[in-house]
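Colleague: Sequence first, then the predicted structure, then my questions.
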Amino acid sequence: MKKKLILLMFGIFIFTGCTVNYNLKISDNVINEKISIQELSEKIDTSTADRNLNNTYSQYNNKGVKKYNTSKVINGNKTEYNLNQTYYLDSVSYIRAFDECFDAYNIVYVDDTRSEYLLQTSKGFKCMTYEYNTIDSYVVNIEIDKKVISHNADSVKGNVYTWNINKNNAADKIISIQFKNDLLDLKSEKEEKKDFNYMIIFIIFGLITLVLIIILGLIKSISNKNNKI
């Protein structure tokens, strides 16, 4: 049976509940993923945690890139473990946490113009329990600097869309957010501006040519009149 990414972290802890913060930041054409689990240092099996962090989560994929960059932060009496990864919007096909905590998910462009993208999961969050351990809740944040067309987030603050998942709603939870591809819009705007500039240049060139033709016509007319005199 495949062990799930976030729930593997429970080999680190000796408690029965916690909150996991899962963050996706979509900016330009880049998706930054960060998973954070924080707990009192006294409740953590440090040797196991560090070993898992350095070995299990920092594996390399078939392109020689780490599946996750890992870090450990000690703040007072608490320890925080972080998993980080970067994806590119136009080529992303696998976000491990979504893949393992839902039966299915997709992040796809809506039409062939790639002007809009949709990130959506199937119904039912599968990562609430593992063996004898239970996660109290998940906070899923998607921070996005693009125009959001539709979403089903539980709350929104600025450009951060938040889904709160717990044992009471996990079975029915779906994450869905549709947004504009700003890079494509920017490219289109640049192309439109470029076409507009070419049009202005063409019009100016045409006016100059017309003025020159009129001037030459007047000069020829005046010259013909003088010759007759």
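Modeller: All right, it came through fine. Numbering: from 1, shown residues only.
Colleague: At the geometric centre of this structure, which residue do we find?
Modeller: Nearest to the mean C-alpha position of the chain, counting by CA atoms, centre = their mean, stands residue 26 at 2.6 Å.
Colleague: What strands line up against the helix or strand harbouring that residue, and which way round?
Modeller: Residue 26 is part of strand 19-27 when elements are defined by DSSP states H and E. Strand pairing for strand 19-27, using DSSP bridges, gives strand 30-40 (antiparallel), strand 137-144 (parallel).
Colleague: Let me see the mean pLDDT of the first one.
Modeller: By that I understand strand 30-40. Strand 30-40 shows a mean pLDDT of 85.
Colleague: That one: what's the following helix or strand?
Modeller: Toward the C-terminus from strand 30-40 - assigned by DSSP H and E - lies helix 46-55.
Colleague: which non-adjacent residue is nearest the residue nearest to the centre of the chain?
Modeller: Among residues not flanking residue 26 along the chain, residue 144 sits closest, at 4.4 Å (CB to CB, 6 or more residues apart in numbering). Any C-beta I mention is one placed from the backbone N, CA and C, and that applies to glycine too.
Colleague: Which pLDDT value does the model give the closest residue to residue 34 other than its chain neighbours?
Modeller: Counting by CB to CB, 6+ apart, the nearest residue to residue 34 once its immediate chain neighbours are dropped is residue 23, at 4.5 Å. As predicted, residue 23 sits at a pLDDT of 94.
Colleague: so where do the helices sit in the chain?
Modeller: 5-8, 46-55, 96-101, 182-228 (DSSP state H).
Colleague: Worst mean pLDDT among these?
Modeller: Note on these: lowest mean pLDDT is at helix 5-8, with a mean of 58.
Colleague: thinking again about what came up before, hmm, residue 161 and the residue nearest to residue 26 touching each other?
Modeller: Yes: using CB atoms under 8 Å, residue 144 is in contact with residue 161, at 7.0 Å.
Colleague: Now do the residue nearest to residue 145 when sequence neighbours are not counted: how many residues are near it, please.
Modeller: The shortest distance from residue 145 to any residue other than its chain neighbours is 5.1 Å, reached at residue 27 (CB to CB, 6+ apart). A total of 14 residues lie near residue 27 under the criterion other CB atoms under 10 Å.
Colleague: got it, and residue 215?
Modeller: 10.
Colleague: Count the residues that sit near the spatially closest residue to residue 82 that is not a sequence neighbour.
Modeller: Leaving aside its sequence neighbours, residue 82 sits nearest to residue 71 (CB to CB, 6+ apart; 4.7 Å). Neighbour count for residue 71, taken as other CB under 10 Å: 13.
Colleague: ok, residue 71 to residue 117 distance?
Modeller: Residue 71 sits at a distance of 29 Å from residue 117 (criterion: CB to CB, to the nearest Å).
Colleague: quick one: stretch 155-169 to chain centroid distance?
Modeller: Averaging C-alpha positions (CA atoms, centre = their mean, to the nearest Å) puts stretch 155-169 16 Å from its chain's average.
Colleague: May I see the buried residues of it?
Modeller: 161, 163, 165 (16 or more other CB atoms under 10 Å).
Colleague: I'd guessed the last one sits against residue 173; true?
Modeller: Yes: under the criterion of CB under 8 Å, residue 165 lies in contact with residue 173, with a separation of 5.3 Å.
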